[in-house]
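1. quick one, structure for this:
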Amino acid sequence: EIVKIGKNEYVVSSMKDKSLYFFELNKEKNIINLDRIEIFERVRDLSFKNNKLYLFLETTASIGIINLN
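-> Okay, here's the model as predicted:
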């Protein structure tokens, strides 16, 4: 799932890779500033609200919260 977290900033989760990918799109819609963060667990869903990214995790049936301030 891809979630918009800023004007041209996005995050996508990879269930197989157990990671989050943060990236920006430039004016030509090309990916720039790609960063990978390993979560060590499958992320089933993402939600973004009030500068917080909520991760719904599969194995532990828990919710992770990342503050993006």
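2. mind checking how far the residue nearest the centre of the chain is from R36?
-> Geometric centre of the chain, nearest residue: V11, 3.5 Å, by C-alpha atoms, centre = their mean. According to C-beta to C-beta, to the nearest Å, V11 stands 11 Å off from R36. No exception for glycine: its C-beta is placed from N, CA and C like everyone else's.
3. what touches both of those two?
-> Counting by C-beta atoms under 8 Å, 6 or more residues apart in numbering, the residues touching both V11 and R36 are 20-21.
4. ok, the residue of the chain most remote from its centre to D35 distance?
-> Each residue of the chain has a distance to the centre, and by C-alpha atoms, centre = their mean the biggest one is for E28: 21.7 Å. For E28, the distance to D35 (C-beta to C-beta) stands at 20 Å.
5. go on, G6?
-> 13 Å.
6. ok, K29 next?
-> 18 Å.
7. quick one, which of these two is more surrounded?
-> Using other C-beta atoms under 10 Å as the criterion, K29 and D35 rank with D35 on top: 10 against 7.
8. now do the SS call for that one.
-> Under DSSP: H, G, I helix; E, B strand; the rest coil, D35 falls in the strand class.
9. who touches it in this structure?
-> 21-23.
10. R42: which of those residues is nearest?
-> Y21 (14.5 Å; C-beta to C-beta).
11. can you name the residues that contact that closest one?
-> Applying C-beta under 8 Å, 6+ apart, the residues near Y21 are 11-14, 34-37.
12. buried residues, the helix or strand it falls within. List them.
-> Assigned by DSSP states H and E, Y21 falls within strand 19-25. Buried residues in strand 19-25, counting neighbours by 16 or more other C-beta atoms under 10 Å, are found at 19-23.
13. of all these, which comes closest to R44?
-> Using C-beta to C-beta, those come closest to R44 at L20, 12.7 Å.
14. wait, what's in contact with the spatially closest residue to the closest one that is not a sequence neighbour?
-> Closest residue in space to L20, ignoring its immediate chain neighbours: I37 at 4.8 Å, by C-beta to C-beta, 6 or more residues apart in numbering. I37 makes contact with 19-22 under the criterion C-beta under 8 Å, 6+ apart.
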